[in-house]
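# Attaching a predicted model along with its sequence, questions to come.
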Amino acid sequence: MTPLWQRLVQGMQKTRDTLVGSIESLVRRHGSSPALWEGLEESLIAADVGPAVAAQLVEAVRARKAPAADAAALRRELATLMAERLRRRQEPLAWERPDAWQRRPLVGMVVGVNGTGKTTTAGKMAWRLARQGRRVLLVAADTFRAAAQEQLAIWAERAGADLVRGAPGQDPASVAFDGVQAAVARGMDVVLVDTAGRLHNKSQLMAELAKVRRVAEKALERPLDEVLLVLDATTGQNGLVQARVFTEAVAASGLVLTKLDGTARGGIALAIVAEMGLPLKLVGVGEDPDDLRPFDPDAFARALLGLED
Ligand SMILES: Nc1nc2c(ncn2[C@@H]2O[C@H](COP(=O)(O)OP(=O)(O)OP(=O)(O)O)[C@@H](O)[C@H]2O)c(=O)[nH]1
């Protein structure tokens with residue numbers, strides 16, 4: 001097992017154990033009778049893939065006429081079908097494209113409701129980019145919560161990244177402006193702007209976020225490279241509602257799904273990819289720096305269904 005694969009498999013243990021366990025018991029109990037398909041649809045819904053995707057997957061797997069009495073074959077068929085669906089919207093992060101470094105600094109921003117893992121995601125990205133030899137500047141545009149700035153400062157130190165932080169209560173847009181300007185002046189490769197968590201139903205706070213983006217773009221004199229909406233996998237279908245509102249407010253360029261290690265409902269990735277017109281770019285499977293992974297549809301589907309690498 002490669003370390004990457006191992007982390008994904010370990011991180012998604014809860015979802016995998018639940019889903020694989022229920023597929024095996026369904027096959028044992030129902031063989032290939034119609035009750036199998038009904039049970040399978042329910043298991044997929046319980047894993048949070050969403051009712052529409054669950055129905056489509058079951059229909060497709062039935063149409064393939066897999067030997068349904070064989071749980072392992074059924075899991076393989078499902079993994080193939082899931083990976084196919086997940087690949088439809090696949091897109092790498094801006095800084096993973098070979099031509100990206102012609103325009104630097106590349107600037108990304110993380111947004112989302114409170115506690116989804118924005119600061120951790122910005123920190124982990126900084127850590128990974130720094131290990132690749134990139135000069136990274138982190139911007140603590142959460143001027144609301146001092147602890148959030150402290151947390152980002154710890155990540156900056158750990159990654160060996162520069163840090164720009166605002167004064168308490170300072171307009172977050174002006175902190176983002178200062179951060180981008182400092183990065184341009186210092187010839188940095190990447191800027192990652194961490195924003196304060198906010199509820200999607202607070203329109204004033206959503207407008208503030210749109211302003212942070214606008215002002216950062218003014219400093220950069222071009223559009224931002226990534227605006228990543230960070231969603232917590234443990235919140236399940238509710239994350240989809242958040243995703244729609246945030247996307248309208250800031251035109252996110254991609255999604256990050258964190259805490260996949262903390263839920264038995266990791267199938268939410270499929271619901272998100274099907275529902276949102278946005279690529280899922282990263283998944284979080286733990287709290288270590290290395291626990292943030294580029295989203296790989298095939299590895300993800302195999303980890304979900306407990307198949308070997
Ligand atoms: N298990 C697990 N924990 C995670 C993951 N990502 C983040 N966390 C934890 O989730 C908690 C919240 O993360 P933060 O990064 O502070 O979240 P935030 O969105 O910046 O929070 P606010 O700024 O308050 O909105 C922390 O304890 C993180 O360590 C993950 O992939 N797995």
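Now that the structure is in, tell me what you want to look at.
# Quick check on the one residue in the stretch 201-309 of the chain that gets nearest to the ligand: phi, psi?
The ligand sits closest to Gly284 of the stretch 201-309 of the chain, with a gap of 2.6 Å, by C-beta to the nearest ligand atom. (Glycine included, C-beta is placed from N, CA and C.) Main-chain dihedrals, Gly284, degrees, to the nearest 10: phi -110, psi 130.
# Surely it touches Phe295?
No: assessed by C-beta atoms under 8 Å, Gly284 is found out of contact with Phe295, at 10.4 Å.
# what residues are shared contacts of those two?
Common contacts of Gly284 and Phe295 (C-beta atoms under 8 Å, 6 or more residues apart in numbering): Leu257.
# where do the helices sit along the protein?
3-11, 13-30, 34-46, 51-63, 71-87, 118-131, 146-159, 172-186, 203-220, 238-250, 268-275, 297-304 (DSSP state H).
# could you dump those helices to JSON lines with mean neighbour count, distance to Pro289 and mean pLDDT?
Output for the helices of the chain, formatted as JSON lines (neighbours: other C-beta atoms under 10 Å; distance: least, C-beta to C-beta, whole Å; pLDDT from 0 to 100):
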{"stretch": "helix 3-11", "mean neighbour count": "17", "distance to Pro289": "11", "mean pLDDT": "75"}
{"stretch": "helix 13-30", "mean neighbour count": "17", "distance to Pro289": "20", "mean pLDDT": "90"}
{"stretch": "helix 34-46", "mean neighbour count": "17", "distance to Pro289": "32", "mean pLDDT": "92"}
{"stretch": "helix 51-63", "mean neighbour count": "16", "distance to Pro289": "32", "mean pLDDT": "93"}
{"stretch": "helix 71-87", "mean neighbour count": "19", "distance to Pro289": "25", "mean pLDDT": "92"}
{"stretch": "helix 118-131", "mean neighbour count": "24", "distance to Pro289": "4", "mean pLDDT": "97"}
{"stretch": "helix 146-159", "mean neighbour count": "17", "distance to Pro289": "7", "mean pLDDT": "94"}
{"stretch": "helix 172-186", "mean neighbour count": "21", "distance to Pro289": "21", "mean pLDDT": "97"}
{"stretch": "helix 203-220", "mean neighbour count": "17", "distance to Pro289": "25", "mean pLDDT": "95"}
{"stretch": "helix 238-250", "mean neighbour count": "18", "distance to Pro289": "24", "mean pLDDT": "88"}
{"stretch": "helix 268-275", "mean neighbour count": "23", "distance to Pro289": "22", "mean pLDDT": "90"}
{"stretch": "helix 297-304", "mean neighbour count": "23", "distance to Pro289": "19", "mean pLDDT": "92"}
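# For Ala271, see how far away the nearest residue to Arg213 once chain neighbours are set aside is.
In this structure, Arg213 finds its nearest non-sequential neighbour in Val250, 5.5 Å apart by C-beta to C-beta, 6 or more residues apart in numbering. Per C-beta to C-beta, to the nearest Å, Val250 is found 21 Å from Ala271.
# Which positions in this structure make contact with the ligand?
Residues of the chain lying close to the ligand (C-beta under 6 Å from any ligand atom) are 112, 114-120, 142, 148, 151, 196-197, 258-259, 261-262, 284-287, 291.
# Tell me the buried residues within the residues you listed.
Neighbour counting over the residues of the chain next to the ligand (16 or more other C-beta atoms under 10 Å) leaves 112, 116-120, 142, 148, 151, 196-197, 258-259, 261-262, 284-286, 291 as the buried ones.
# Just give the number of residues close to the nearest residue to Arg103 once chain neighbours are set aside.
Nearest non-adjacent residue to Arg103, counting by C-beta to C-beta, 6+ apart: Arg222, 7.3 Å away. Neighbours of Arg222 under the rule other C-beta atoms under 10 Å: 9.
# Arg222 contacts Arg104, correct?
No: counting by C-beta under 8 Å, Arg222 does not reach Arg104; the two are 11.4 Å apart.
# Touching, Leu278 and Val256? I think so.
No: at 10.7 Å, Leu278 does not count as touching Val256 under the criterion of C-beta under 8 Å.
# Show me which of these two is the more surrounded one.
Val256 (29 against 19).
# Show the pLDDT at that one.
With respect to pLDDT, Val256 has a value of 96.
# Tell me the spacing between the closest residue to the ligand within the stretch 101-250 of the chain and Leu152.
Nearest residue of the stretch 101-250 of the chain to the ligand: Gly197, at 2.1 Å (C-beta to the nearest ligand atom). Counting by C-beta to C-beta, the gap from Gly197 to Leu152 is 13 Å.
# okay, and the common contacts of the two?
Common neighbours of Gly197 and Leu152 (C-beta under 8 Å, 6+ apart) are Asp142.
# Tell me who's in contact with the residue nearest to Arg213.
111, 206, 209-210, 213, 227, 229.
# now do Gly11
Gly11 sits in contact with 260-261, 285-286, 291, 303, where contact means C-beta under 8 Å, 6+ apart.
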